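Chemist: sequence and predicted model, in that order:
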Amino acid sequence: MKLRQSALLVAVTLGIYASPAFAQQNSSVTQADVQRLQDNVYLADRDISQLRSRDATSANQLVTELDDLRDEVVYLKVKLRKERTLSRTEYADVRDRIDDLRARARGDVASAAPAAPPTATAPASSASTSSSTASRSTTPPAATASSSRSTTSPSSLDIPVGTEVDVRLQNSLNSGTAQVEDRFEGTTNADTLVDGRVAIPAGALVRGVVTSVEPATRTNRTAKMTVSFDQVTIDGRSYPIRGTVTEAIQGEGIRGEAGRTAAGAGVGAIIGGILGGFKGALAGILIGGGGTIAATEGKEVELPQGSILRVRLDSPVQIDQQTRH
């Protein structure tokens, strides 16, 4: 009898560990999984942008939640990189919260909230009349919403992948002191134009992060540092971006009025005109694949405050123009 009970217990235990649910819950989280979370955060921001034209108050509330979720995704990314493991439950919690926020932004939750139509207590003919009246009364708002969407669509600008933006650093960066996940900021040096319209104005705040760093040592003569840009703020509103550094330019000689003279001219033309083309390239700095910045002659990577980094956008960005003139 005891042998049967032991065998049954072993069988049940093995069945639990072999179940798909258990395997899913305990499977390791990969960097690709975390990248999908970042992609979902980007999509959530677009959902909120569309919501803003319908309900600005709700959109502002969701922006606060999304900022917290964005920070949590960064935390998971750092934790996975440092500890080489991440709980599937912890990952799933953040994923589900992002999905829930997107559902609320799209109105999926609100649309599912109303229950079935109230039970009619009037005679059939009265109910029919009421139904047709309700149908007629709801038609104009639907048409108005459609009209609203069609009229507000030109108020958004889509910045395509590959667009380059010049960012002037507000902080100095050095591979000898920088740490992974250190935050820094910069401002756009000139207007970024899309179809003749200003998508990102000069002076917009851009947020960056150090993603990897290798200081110079006796055995490692080539110091390296990789930075990326993940957010731009325009008119008090933040937009997620993915930006990779393609060139480092010395900031000396660029006047404060450069941004104001940029309207109607390309960013490259402004920078080239003031710096004399590639003569403005930052000395001792090489830019490799993936935006990795390497120092020459065995020195640390040194990016002084005021240096300009040319940043290539690796994902499209939708900029809301409703609050812009």
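Modeler: Alright, I've got the coordinates.
Chemist: what comes up buried for stretch 178-195?
Modeler: Buried residues in stretch 178-195, counted by 16 or more other Cβ atoms under 10 Å: Ala178, Phe184, Glu185, Gly186, Thr187, Thr188, Asn189, Ala190, Asp191, Thr192, Leu193. Any C-beta I mention is one placed from the backbone N, CA and C, and that applies to glycine too.
Chemist: just give me the longest strand of this structure.
Modeler: Counting residues, the longest strand found in the chain (DSSP state E) is strand 237-249.
Chemist: check what pLDDT Thr64 gets.
Modeler: Thr64 is assigned 86 on the pLDDT scale.
Chemist: quick one, helices of the protein?
Modeler: 2-18, 20-26, 31-52, 56-83, 88-106, 108-112, 124-152, 267-275 (DSSP state H).
Chemist: what residue ranges in the chain score low on pLDDT?
Modeler: For the chain, the stretches flagged by pLDDT under 70 are 1-27, 109-154, 252-280, 322-325.
Chemist: excluding sequence neighbours, find me the nearest residue to Glu214.
Modeler: Lys224 (4.4 Å; Cβ to Cβ, 6 or more residues apart in numbering).
Chemist: count of neighbours near that neighbour?
Modeler: 18 (other Cβ atoms under 10 Å).
Chemist: right, and it touches Gly290 too?
Modeler: No: counting by Cβ atoms under 8 Å, Lys224 does not reach Gly290; the two are 10.6 Å apart.
Chemist: distance between the ends of stretch 211-218?
Modeler: 23 Å (Cα to Cα, to the nearest Å).
Chemist: give the contact list for Met225.
Modeler: Leu173, Ser175, Ala178, Val210, Ser212, Val213, Glu214, Thr292, Ile293, Val301 (Cβ atoms under 8 Å, 6 or more residues apart in numbering).
Chemist: now render those residues as TSV, adding distance to Lys79.
Modeler: Putting these into TSV (distance: Cβ to Cβ, whole Å) gives the following:
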residue	distance to Lys79
Leu173	24
Ser175	23
Ala178	20
Val210	17
Ser212	16
Val213	18
Glu214	21
Thr292	23
Ile293	25
Val301	26
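Chemist: neighbour-wise, which one of those leads?
Modeler: Result: Val301 is most packed of the contacts of Met225 (other Cβ under 10 Å), 29 neighbours.
Chemist: follow-up on the earlier one: can you name every helix or strand that the longest strand of the chain contacts?
Modeler: Using 3 or more Cβ pairs under 8 Å, 6 or more residues apart in numbering; DSSP states H and E as the contact test, the elements touching strand 237-249 are helix 31-52, helix 56-83, strand 164-169, strand 205-214, strand 224-234, strand 285-287, strand 308-313, strand 317-320.
Chemist: now these as JSON lines including distance to Gly243?
Modeler: Listed next are the helices and strands packed on strand 237-249 as JSON lines, based on distance: least, Cβ to Cβ, whole Å:
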{"stretch": "helix 31-52", "distance to Gly243": "13"}
{"stretch": "helix 56-83", "distance to Gly243": "16"}
{"stretch": "strand 164-169", "distance to Gly243": "7"}
{"stretch": "strand 205-214", "distance to Gly243": "8"}
{"stretch": "strand 224-234", "distance to Gly243": "3"}
{"stretch": "strand 285-287", "distance to Gly243": "13"}
{"stretch": "strand 308-313", "distance to Gly243": "4"}
{"stretch": "strand 317-320", "distance to Gly243": "9"}
